[in-house]
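Colleague: make a model of this:
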Amino acid sequence: SDFEILVINDGSQDVTLDILANINDSRLKVFSYPNKGLAASRNRGISHASGDFIAFLDADDLWTADKLEAQLKALQANPQVAVAYSWTDFIDEFGQPLGSGIHKTFNGDVFANLLVDNFIVNGSNTLIRKKAIIEVGGFYESLCYVEDWDLWLRLAACFQFVAVPSAQILYRRTNDSMSMNVLGLEQAYLKIMQRAFNQAPDSLKYLKRQSFARFYQFLTLRALEVLPGREIIFPSPQKGRAAAR
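Modeller: The predicted model follows:
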């Protein structure tokens, strides 16, 4: 229960502020800004945070009730570690499960694992020592996609990670979510991976082909995917062309 909630209102056009005005809790602080995007909002939250540990929760995702407690205990038990993460399950727009989640466990030096696959999956997952985020420079605001993977890579190049082997992140996926924009994902991925492999030691350069193969397999499947929703929508010709490319 010992935490602060920093709500970064990124130029929202909905009833966010009205809802927050009805919540009476001294741990809640609200900061409103003109719209600047996800990475900038996270950096703004970091700048206001007073604690030693930082966690991010995007507006449409959920945590289990024990997420913060379990990850904090993992960091306290491993003082040499800077980042704790949990397993992820997927839910649809109604909160219903979407198949099996991502349940991968890597501990210690995970840089090579992250070069090949973003096993952390999403930006709502981690609990990180604030000083580590500041040391690596926070989120790069020039990125509109996979900015979380970029930060995990920069952290993993300097610090150790610890896994909490329990599904504690419920990542919401819809047909119009940012993660469905395969062209945007591709462009951002190429940018961050070029930088990551340029800075990686020579002993890890061989992983580049494997990383690209896995990511393009992911993009192909994502291009064709249609998630359950209010209407049944079949893959369009545009999706087919994107997958073929």
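Colleague: rest of the way, CA atoms for contacts and neighbours
Modeller: Noted.
Colleague: mind listing the strands for the protein?
Modeller: Per DSSP state E, the chain has strands spanning 5-10, 28-33, 53-55, 62-63, 81-91, 127-129, 160-172. These are given in chain order.
Colleague: tell me the mean pLDDT for stretch 119-134?
Modeller: Taken as a whole, stretch 119-134 carries a mean pLDDT of 97.
Colleague: span of that stretch from start to end?
Modeller: One end of stretch 119-134 to the other measures 23 Å (Cα to Cα, to the nearest Å).
Colleague: neighbouring contacts of that stretch?
Modeller: Outside stretch 119-134, the residues within contact range by Cα atoms under 8 Å, 6 or more residues apart in numbering are 46, 51-58, 61, 68, 71-72, 82-88, 102, 104, 113, 148-149, 155, 159, 169, 171.
Colleague: then stretch 204-212?
Modeller: Contacts of stretch 204-212 (Cα under 8 Å, 6+ apart): 112, 115-117, 197.
Colleague: tell me the buried residues in that stretch?
Modeller: Neighbour counts over stretch 204-212 (16 or more other Cα atoms under 10 Å) mark 211-212 as buried.
Colleague: so which elements touch the helix or strand of the chain with the lowest mean pLDDT?
Modeller: Every helix and strand of the chain was ranked by mean pLDDT, DSSP states H and E. The lowest is helix 237-244, at a mean of 84. Packing contacts for helix 237-244, counted by 3 or more Cα pairs under 8 Å, 6 or more residues apart in numbering; DSSP states H and E, involve helix 207-224.
Colleague: quick one: the helix it packs on to helix 237-244, angle?
Modeller: 160 degrees (axes from the mean of the first three to the mean of the last three Cα atoms, to 10 degrees).
Colleague: centre-most residue in the protein?
Modeller: Nearest to the mean C-alpha position of the chain, by Cα atoms, centre = their mean, lies residue 123 at 1.7 Å.
Colleague: so it versus residue 131, what's the distance?
Modeller: Taken as Cα to Cα, the span from residue 123 to residue 131 is 18 Å.
Colleague: check residue 75 too.
Modeller: For residue 75, the distance to residue 131 - Cα to Cα - is 13 Å.
Colleague: do the same with residue 10
Modeller: As defined by Cα to Cα, residue 10 lies at a distance of 24 Å from residue 131.
Colleague: neighbour count for these two, which is higher?
Modeller: residue 10 (17 against 13; other Cα atoms under 10 Å).
Colleague: for the closest residue to that one other than its chain neighbours, what are its contacts?
Modeller: With Cα to Cα, 6 or more residues apart in numbering as the criterion, residue 10 has its nearest non-adjacent residue at 4.7 Å, and that residue is residue 35. By Cα under 8 Å, 6+ apart, the contact set of residue 35 is 10-12.
Colleague: low-confidence stretches in this structure?
Modeller: 176-180, 228-235 (pLDDT under 70).
Colleague: what about the closest residue to residue 109 other than its chain neighbours, distance to residue 9?
Modeller: In this structure, residue 109 finds its nearest non-sequential neighbour in residue 160, 5.1 Å apart by Cα to Cα, 6+ apart. Distance from residue 160 to residue 9, counting by Cα to Cα: 32 Å.
Colleague: higher neighbour count, these two?
Modeller: More neighbours surround residue 160 than the other of residue 160 and residue 9, with 19 against 16 (other Cα under 10 Å).
Colleague: quickly list what the more buried one is bridged to.
Modeller: With DSSP bridges as the criterion, residue 160 is bridged to residue 81.
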